[in-house]
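Student: next come a sequence and a model predicted from it.
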Amino acid sequence: MQMPKPDENVIARRSELAAALREIVPGEGVIDNDEELRAFDCDGLMAYKQLPLIVVLPETTQQVSEILKYCHANNIKIVPRGAGTGLSGGAMPLADAITLGLSKFKKILEVDYANRCVVTQPGVTNLGITQAVEHAGFYYAPDPSSQIACSIGGNVAENSGGVHCLKYGLTTNNVLGVEMVLMNGEIIRLGGKHLDAGGYDLLGVITGSEGLLGVITEVTVRILRKPEVARALLIGFPTMIDAGNCVADVIAAGIIPGGMELMDKPTIHATEDFVHAGYPLDVEGLMIVELDGPEAEVAYLVERVEEIARAANASTVRISESEEERMRFWSGRKNAFPAIGRISPDYICVDGTIPRKKLAEVLERMQGISEKHGLRVANVFHAGDGNLHPLVLFDANVPGELDAAEALCGDILRLCVEVGGVLSGEHGIGVEKRDLMGAMFTEDDLKQQQRVKCAFDPGHLLNPGKVYPELHRCAELGRMHVHHGKLPFPDIPRF
Amino acid sequence: MTDTLKPENENQILDAIQWAVSEKTPLDVVAGGSKRDFGRPMQTAATLDMSAMSAIKTYEPEELFMTLEAGAPMKEINKALDDAGQHLSFEPPDFGPLLGTDGDRATIGGIVATNLAGPRRIKEGAARDHVLGFHAVSGRGEIFKSGGTVVKNVTGFDLSKLMAGSFGTLAVLSDVTLKTLPKPEKVRTLLVRWRVDGVYDHAAMKVMSMALGSAHDVSGAAHLPAHAAISSSVDYVNAVGGGVTALRLEGPAPSVEHRVEALRNELREFGNIEELHTSNSRTFWREVRDVRPFAGRDDLAFVWRLSVPPAEGAKVALSILETLKGEVIYDWGGGQVWLGLQAVTNAGAEVVRSVVAGVGGHATLIRASQDIRGEVPVFQPLSAAEGLIAEKIKEGFDPEGVLNPGRMYPGV
């Protein structure tokens, strides 16, 4: 992974910078010894490690503002960091940058049931929001699988998803407002407890911007009333093609399930060995369909999905009769990653999205890619929204396997784009998929995105080297190429 | 007399914009023209008429998406969706009649450019939440795209959000891909009917807040005070004489029946609850969606759309109406306040905006004469920092200012 060349002059100024930061954040909030910095040397993408120059853990928005103002004036780079659970390396440190962690922003500021929203600091965990309101029967809908640990600020930065996206949307559909600090130290508020923007939808652009546009210091999210009931169907299929068809049939019947997950045979076996969820072992594809909502609705839809599944050649259908049984159906899926971890020393989790109807084709071609690189692939799949998570199994201690695994991942993602999908469904681009952006976007597409970056951070001080394979200077991006001398649109009808 | 250019494909849009850039000729971007009077008046020498790009390019109901040329008429889009049992769940409104033109002229490009949404906004989001991707030509004279056709996508900055609600000031959409969803099988509306005398706006906020916080999955919550309820074409609504608070329940038949009973039971302290079935429900919510009670009302010179925290809706409206003469309709559980004001200096902007500022939110002047829209900020004035970002974004997409210059803000 090629990162921008660290600035030796900045590295040489470490103690001077640390002293300046201690003026802003007193006490133990500034870390500059290698021993303690090691705890911050990577995020959830653990293949890449780098000690940050300094870590600063401010406690107030004012401190964040002063840190950024100082770094702006001194031309120092910043890597914002939430809980560090991101899987694409968005919070991967840089040798010449300050990692700015929001872990001390841990308070929920306001729970407002009348307006059905929660105002919170960004370091609160995703699950923490639900826990703050569940006694009143509410919850926060997006549920990334890291929800115990990941922070809401990080969720906004990555536009995190989860298993319930098809019905309840991603983070971007559930965030109402943010307070954020711009690279020049200015504090701005976007949105609030009301809906939509008065001018350009800057909140929409901030969400999913992977720490490139600003540092979020407060978040307002909408909360929903917890569905009366949720029930799950566990459906086995003799082939993955049957399973894929069943997904299409459910949607064609006008049903949008709360969750619709699919696992292939290697995953079924690995998870069953690990958690003993009672999964059938004689099937090629296993699907979990969860229906949630008012009791009468769920009862009705469970019956319809069962009919559809049987018509789609399901070999086994089980319906959860209790909350305990529903959780047991999910236990295998939710433990799929650690279960794979038991059968392989290392694995990489890929995250592409494809049109649902391409599932069979993609699975078949993925088999070929897997053979070409000589590594095994196990599949879990958010089938409802087409988000694939192939797990590429390898052993980092075997020379060449990491490279082969990464090449395999690249091939899978290029395949996703080729069939009409995208490079990332929910993990983000970060450094992991940065160099594949050209597979999906033209140079002009990427430049247009980067011009948005220029409106927020023209000096490229925030999280440089992430998301975009090539950093263009803003002056260069702004230059206009005027097409003089061209005949004015000879073929356009004029009136 | 201005030049009108009517491109038939993306390359012709490109030619037109490159010409506009080289000649420094600003373009007025238009398709159906149903919302021409929405926004600040502009001085443009030429018109870019998108109505020839009107095709439904791809519609795959089982993949839940539709790709449309920007000038595709909503009428035809709705027909195609209806045939497949689907809809655009954010309920794009038709503002033609509200703004004094005919109905059924809206196009998808205009809906996205103005980021509109109907009563289901509270549950399903606005246009911004349903744009999966697009192709466009920027004011730089470059073709670019963003997003795709799949729902789950976090690949790069989400420019779809930026395009939604940018009023054609950044780029001209050539096509746009939207999420489609199954249409609910059944619709019912519960009506809480208030007495003929008195003001029940505050009580209505409480009813809507309770309903929206219930487990019954309410997909519409509006309050029509007496003046507005009387104008409805639905008899059960106009015959009440007083105000009406409406709550919509949709979904599979057995579910709707069950929830109607449960919610009706929870509302029993508000007297005898009336119920609208599918056809009346559809008519009623279309009226709310299109703000029909204010259409054709020449006495209401100004129409404001306020977006505020829902529980504050009545407080905001009543406090404005203490000083200014007019009427109000509440949608989005109180979060969207439609204010119709009688003639008043500067459309009452100062009062309206200072009251909104007190609770947080934004106010947009939707209907006013061209002169007033030239003088009073139509869109919520931005903070200095936000204004600077908006200007720089405009510069990044349209540095020469050839696309709808000044339609949102001076210089943007």
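Tutor: That came through, no problem. Residues are numbered from 1 along each chain as shown, chains lettered A, B, ... in the order given.
Student: correct me if wrong: A:Thr267 contacts A:Ile340.
Tutor: Yes. If you go by C-beta atoms under 8 Å, A:Thr267 and A:Ile340 touch, sitting 7.1 Å apart. C-beta here means a position set from N, CA and C on the backbone, and glycine is covered the same way.
Student: now for the residue nearest to A:Lys107 when sequence neighbours are not counted, how many residues are close by?
Tutor: For A:Lys107, the nearest residue in space outside its immediate sequence neighbours is A:Gln121; the separation is 5.0 Å by C-beta to C-beta, 6 or more residues apart in numbering or on different chains. By the measure other C-beta atoms under 10 Å in any protein chain shown, the count of residues near A:Gln121 is 23.
Student: how about A:Ile78?
Tutor: Counted with other C-beta under 10 Å, the neighbours of A:Ile78 add up to 24.
Student: likewise for the one 10 residues further on?
Tutor: Number of residues near A:Ser88 (other C-beta under 10 Å) recorded here: 26.
Student: name the element whichever residue of the stretch 51-200 of chain B sits closest to chain A belongs to?
Tutor: In the stretch 51-200 of chain B, the residue found nearest to chain A is B:Lys161; the distance is 2.5 Å by C-beta to the nearest C-beta. Assessed by DSSP states H and E, B:Lys161 sits inside helix B:159-163.
Student: and that helix, C-alpha only, in PDB?
Tutor: Output in PDB follows, covering the C-alpha atoms of helix B:159-163 (Å, rounded to 0.1, in the frame of the first residue of the first chain):
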ATOM      1  CA  LEU B 159     -22.800  13.300  -4.700                       C
ATOM      2  CA  SER B 160     -26.400  12.200  -5.200                       C
ATOM      3  CA  LYS B 161     -27.200  13.900  -2.000                       C
ATOM      4  CA  LEU B 162     -25.600  17.100  -3.200                       C
ATOM      5  CA  MET B 163     -27.500  17.000  -6.500                       C
END
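Student: distance from the chain centre to it, please.
Tutor: Put simply, helix B:159-163 sits 16 Å off its chain's centre (C-alpha atoms, centre = their mean, to the nearest Å).
Student: outside of that helix, which residues touch it?
Tutor: Residues from elsewhere that reach helix B:159-163 (C-beta atoms under 8 Å, 6 or more residues apart in numbering or on different chains): A:172, A:200-201, A:203-205, A:207, A:448-449, A:452, B:112-113, B:128, B:131-134, B:136, B:146-147, B:170-171, B:173, B:393.
Student: near chain A, which residues of the stretch 151-300 of chain B?
Tutor: The stretch 151-300 of chain B comes close to chain A at residues B:151-162, B:164-166, B:181-183, B:185, B:209, B:212-217, B:251-252, B:254-255, B:257-259, B:262, as judged by C-beta under 8 Å from any C-beta of the partner chain.
Student: and the residues you listed, which are buried?
Tutor: With burial judged by 16 or more other C-beta atoms under 10 Å in any protein chain shown, the buried subset of those is B:151-162, B:164-166, B:181-183, B:209, B:212-217, B:251-252, B:254-255, B:258-259, B:262.
Student: now, which of the residues you listed lie within helices?
Tutor: Taking DSSP state H as the definition of helices, those contribute B:Leu159, B:Ser160, B:Lys161, B:Leu162, B:Ser209, B:Leu212, B:Pro254, B:Ser255, B:His258, B:Arg259, B:Ala262.
Student: so how far is A:Lys433 from the third one?
Tutor: B:Lys161 sits 21 Å away from A:Lys433, going by C-beta to C-beta, to the nearest Å.
Student: and the last one, by the same measure?
Tutor: From B:Ala262 over to A:Lys433 the distance is 47 Å, taken as C-beta to C-beta.
Student: one more: A:Arg318?
Tutor: A:Arg318 is 37 Å from A:Lys433, by C-beta to C-beta.
Student: low-scoring stretches of the chain, by residue?
Tutor: Using chain A. Applying pLDDT under 70 to chain A picks out residues A:483-492, A:494-495.
Student: please go with chain B instead
Tutor: Along chain B, segments meeting pLDDT under 70 span B:1-2.
Student: grab the most central residue of it for me.
Tutor: Nearest to the mean C-alpha position of chain B, by C-alpha atoms, centre = their mean, lies B:Leu116 at 2.4 Å.
Student: what number of residues lie near residue 366?
Tutor: You didn't say which chain, so I picked chain A. Counted by other C-beta under 10 Å, the residues lying close to A:Met366 total 21.
Student: wrong chain, I was asking about chain B
Tutor: Neighbourhood size, B:Ile366 [other C-beta under 10 Å]: 24.
Student: just B:Gly271 next, same as before
Tutor: Residues near B:Gly271, counting by other C-beta under 10 Å: 11.
Student: swap in B:Arg289?
Tutor: 22.
Student: now it. Nearest residue, chain neighbours left out?
Tutor: Excluding the flanking residues, the one nearest B:Arg289 by C-beta to C-beta, 6+ apart is B:Gly118, at 3.7 Å.
Student: quick one, what contacts the residue nearest to B:Gly85 when sequence neighbours are not counted?
Tutor: Once flanking residues are discounted, B:Gly85 sits nearest to B:Lys183: 5.5 Å by C-beta to C-beta, 6+ apart. B:Lys183 makes contact with A:Gly254, B:Leu81, B:Asp82, B:Gly85, B:Gln86, B:His87 under the criterion C-beta under 8 Å, 6+ apart.
Student: who has more neighbours, A:Arg318 and A:Lys433?
Tutor: When neighbours are counted by other C-beta under 10 Å, A:Lys433 comes out ahead of the other of A:Arg318 and A:Lys433, with 26 against 16.
Student: correct me, but B:Gly165 touches B:Arg128?
Tutor: Yes. In this structure B:Gly165 lies within contact range of B:Arg128 using C-beta under 8 Å: 6.5 Å.
Student: tell me which element the residue positioned nearest the centre of chain A is part of?
Tutor: For chain A, A:His427 is the residue whose C-alpha lies nearest the centre (C-alpha atoms, centre = their mean; 2.9 Å). When elements are assigned from DSSP H and E, A:His427 belongs to no helix and no strand.
Student: quick check: A:Gly153 touching A:Thr125?
Tutor: No. A:Gly153 lies out of contact with A:Thr125 (C-beta under 8 Å); the separation is 10.2 Å.
Student: and those two? which has more neighbours close in?
Tutor: Ranked by neighbour count (other C-beta under 10 Å), A:Gly153 and A:Thr125 place A:Gly153 first, with 28 against 22.
Student: where's that one, which helix or strand?
Tutor: Using DSSP H and E, A:Gly153 sits within helix A:152-158.
Student: check the gap between whatever residue of the stretch 1-150 of chain B ends up closest to chain A and A:Gln448 for me.
Tutor: When scored by C-beta to the nearest C-beta, the stretch 1-150 of chain B has B:Asp15 as its residue closest to chain A, at 3.7 Å. Using C-beta to C-beta, B:Asp15 is found at 19 Å from A:Gln448.
Student: higher neighbour count, those two?
Tutor: Neighbours were tallied for B:Asp15 and for A:Gln448 using other C-beta under 10 Å; the higher tally belongs to A:Gln448 (27 against 23).
Student: SS state for that one?
Tutor: helix (DSSP: H, G, I helix; E, B strand; the rest coil).
Student: ok, it touching B:Val137?
Tutor: No. With contact taken as C-beta under 8 Å, A:Gln448 and B:Val137 are classed as non-touching, separated by 10.7 Å.
Student: list residues touching both of those two?
Tutor: Residues touching both A:Gln448 and B:Val137 by C-beta under 8 Å, 6+ apart: B:Phe144.
Student: hang on, the earlier thing: isn't there a helix covering the residue nearest to B:Arg289?
Tutor: No. Counting by three-state DSSP, B:Gly118 is not part of a helix but coil.
Student: ramachandran angles for it?
Tutor: phi -100, psi -160 (degrees, to the nearest 10).
Student: how many neighbours does it have?
Tutor: Residues contacting B:Gly118 under the criterion other C-beta under 10 Å number 23.
Student: thanks again, I'm all set now.
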